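Participant: here's my sequence, what's the structure:
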Amino acid sequence: GEARVPLEVFAAKNPDEEIRRTSSSGGVFTALAETVLNEGGVVFGARWNEHWEVVHDYTETCEGLAAFRGSKYVQSVVGDTFKQAERFLKGGRKVLYSGTPCQIAALKRFLDKDYEHLLTVDCICHGTPSPGVFRWYMGEQLAKVIGKDGYRFVPCPIPLIPQVDVLAREEGCRIEGIRFRDKKEGWKNFSFAFDLTVGISSTQAKAVSFSYPLRKSSFLSGFLSNLYLRPSCYACPAKNGKSAADITLGDYWGIASLMPQLDDDRGISAVLVGTPKGRVALEATAVELYPVPYEDVRGKNSALTNSCAVPIGRSVFWTADSKSFHQKIKDICRVSFAQRVKRKFRAVLRMSGVKR
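Facilitator: Predicted coordinates:
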């Protein structure tokens, strides 16, 4: 596709605080999806399946949207959803299809024609991590929990890692939920969190939750350091609006200095309108819209226009050895003393009300 600049750009939030709380940013996706569903349409998005893999699926009910909310920092399996969307479109149904820019570009190429009743929504995409790496990480996390009852995790090569749900089930532990952008500590300082039921094979079953702040989650640290993205993500052909999505959603980072009056740390979306159809769809929702300059969003979201560079540590991460996932990330992403001092200094300035 051709590179393009959005027609309009907004900071936005859903007036429903519960939806905003369970969304990664401001809850705009849910508002767009509800409008389509209320008109008899179908919504496609990414959800977890029963094996805790990320897959694309569709829903025809507002209740089904809950599974699509929240970022999933793992490559999703598109499966037959392009064919399913085409069948709905040919049947005259409205369809909202959400995904990464490359998935939206692929959908449009698959359909090979424009459908007036198709609304495409992509995201400001940093890149998609390998599902195998996430299984490795979760395997270690579960092993730590299960290890309290005598189970010892033995590191094994990435291709041979067992399915996470199998490991959990065999050891009397069940995953109940995974959240990459948990807002318990706020939108800006999001955490990786997961919920378990431990001891499912006994009468002493109990619910346990684990939460790792942004800088203490080894998976998020490795992801944000670009260590295990898909190789194609380092030379993404869908940047600069080339996916031709009707609407692009992301985080309105920098709100503390750009629009402090909206900064409640509960999540604000950046909404980029790519087409007139996208503008009509957005105006049909009840989301609160605040026009902002495109440069404000682009300045805080380099992923809009640039692919990330291949980091030096990537080859080190993929080198076969006996180290655990956590140890590999710790070694590669070790923060220098100077960086720790700089972060502490910035935190003190923020707390004292000094912006810079």
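
Participant: what ranges in this structure fall below the confidence cut-off?
Facilitator: Within the chain, the segments meeting pLDDT under 70 span 146-172, 201-202, 335-356.

Participant: can you report phi and psi for the nearest residue to residue 279 once chain neighbours are set aside?
Facilitator: Ranked by Cβ to Cβ, 6 or more residues apart in numbering and with sequence neighbours excluded, the top spatial neighbour of residue 279 is residue 273, at 5.0 Å. In this view, the C-beta of every residue, glycine as well, is placed from N, C-alpha and C. Here the main-chain torsion angles of residue 273 (degrees, to the nearest 10) amount to phi -90, psi 120.

Participant: measure how buried residue 273 is and give me the count.
Facilitator: Residues near residue 273, counting by other Cβ atoms under 10 Å, number 22.

Participant: tell me the SS of the residue positioned nearest the centre of the chain?
Facilitator: Against the mean C-alpha coordinate of the chain, by Cα atoms, centre = their mean, the closest residue is residue 71 at 2.4 Å. Counting by DSSP: H, G, I helix; E, B strand; the rest coil, the backbone at residue 71 sits in coil.

Participant: OK, contacts around it?
Facilitator: Going by Cβ atoms under 8 Å, 6 or more residues apart in numbering, residue 71 touches 24, 180, 181.

Participant: go on, residue 316?
Facilitator: Contacts here follow Cβ under 8 Å, 6+ apart; on that basis residue 316 touches 328, 331, 332.

Participant: mind running it again at 10 Å?
Facilitator: Each residue near residue 316 by Cβ atoms under 10 Å, 6 or more residues apart in numbering is listed here: 227, 328, 331, 332.

Participant: same question, residue 115
Facilitator: Residues in contact with residue 115, defined by Cβ under 10 Å, 6+ apart, are 85, 86, 88, 89, 90, 92, 94, 95, 108.

Participant: between the residues you listed, which is closest to residue 286?
Facilitator: When the contacts of residue 115 are compared for distance to residue 286 (Cβ to Cβ), residue 94 wins out at 18.1 Å.

Participant: doesn't residue 32 make contact with the closest one?
Facilitator: No - in this structure residue 94 lies outside contact range of residue 32 using Cβ atoms under 10 Å: 11.4 Å.

Participant: number of nearby residues for residue 40?
Facilitator: By other Cβ under 10 Å, the residues close to residue 40 number 10.

Participant: from residue 57, how far off is it?
Facilitator: Residue 40 sits at a distance of 19 Å from residue 57 (criterion: Cβ to Cβ, to the nearest Å).
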